[in-house]
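**Q** Here's a sequence, model it:
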Amino acid sequence: MTARTTYLDPAVRGALVALGAAAKKGLGEPGLAELVMIRASQINACAFCLDMHVGIAVDTYGESARRLALLDAWQEAGDVFSERERAALALTEAVTVLTDGFVPDEVYERAARHFTEAELAHLIGAIAVINSWNRLMVSRRIEPEGPAW
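**A** Presented below is the predicted three-dimensional model:
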């Protein structure tokens, strides 16, 4: 597959980088943010973002191969993921796949039981920014750069 274009306006890139950093900082758990980034990227089939965020999860946060392998099946993975992580992953899926309709109340309320109002706002920001990155990379056919990890 050949990239359609590698150009990305620096202002757009800068805005997304700033939003991502703010969302992760306010979430308080950067490792959790990486799980969210990976799960949304799996749903959106963004190889570039998957490669990047798996590398960050492993290298920076010591994420295990087992948890990463089970992330796509988190609902069936028993206690591999905490309740807080499961709530974040459920919200990630609901916000990412809006073609199923609005984010269900029960999914939002589940997340709200595990996150403060500010953390929830940052979590939704993190989900929004990775979905934006996924769409930018997939639409331009940007391939992974190769494992830096």
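**Q** What residues sit buried inside the top helix by length along the chain?
**A** For the chain, the longest helix by residue count, based on DSSP state H, is helix 117-140. For helix 117-140, the neighbour count (16 or more other C-beta atoms under 10 Å) marks 119-120, 122-131, 133-134, 136-138 as buried. Backbone N, C-alpha and C define where each C-beta goes, glycine included.
**Q** Quick check: mean pLDDT of that helix?
**A** In this model, helix 117-140 carries a mean pLDDT of 96.
**Q** what about the most centrally placed residue in the chain, which helix or strand?
**A** Per C-alpha atoms, centre = their mean, the C-alpha nearest to the average position across the chain is that of Met37, at 1.6 Å. Following DSSP states H and E, one finds Met37 within helix 30-43.
**Q** what's in contact with that helix?
**A** 23-24, 27, 49-50, 53-54, 56-57, 60-61, 63, 67-68, 71-72, 74, 81, 84-85, 88-89, 92-93, 96-97, 123, 126-127, 130-131, 134 (C-beta atoms under 8 Å, 6 or more residues apart in numbering).
**Q** Would you check that Leu120 makes contact with Arg113?
**A** No - at 10.1 Å, Leu120 and Arg113 do not qualify as touching, with contact defined as C-beta atoms under 8 Å.
**Q** and the gap between the closest residue to Lys24 other than its chain neighbours and Leu71?
**A** Residue nearest to Lys24 in three dimensions, not counting chain neighbours: Ala33, with 4.5 Å by C-beta to C-beta, 6 or more residues apart in numbering. Distance from Ala33 to Leu71, counting by C-beta to C-beta, to the nearest Å: 13 Å.
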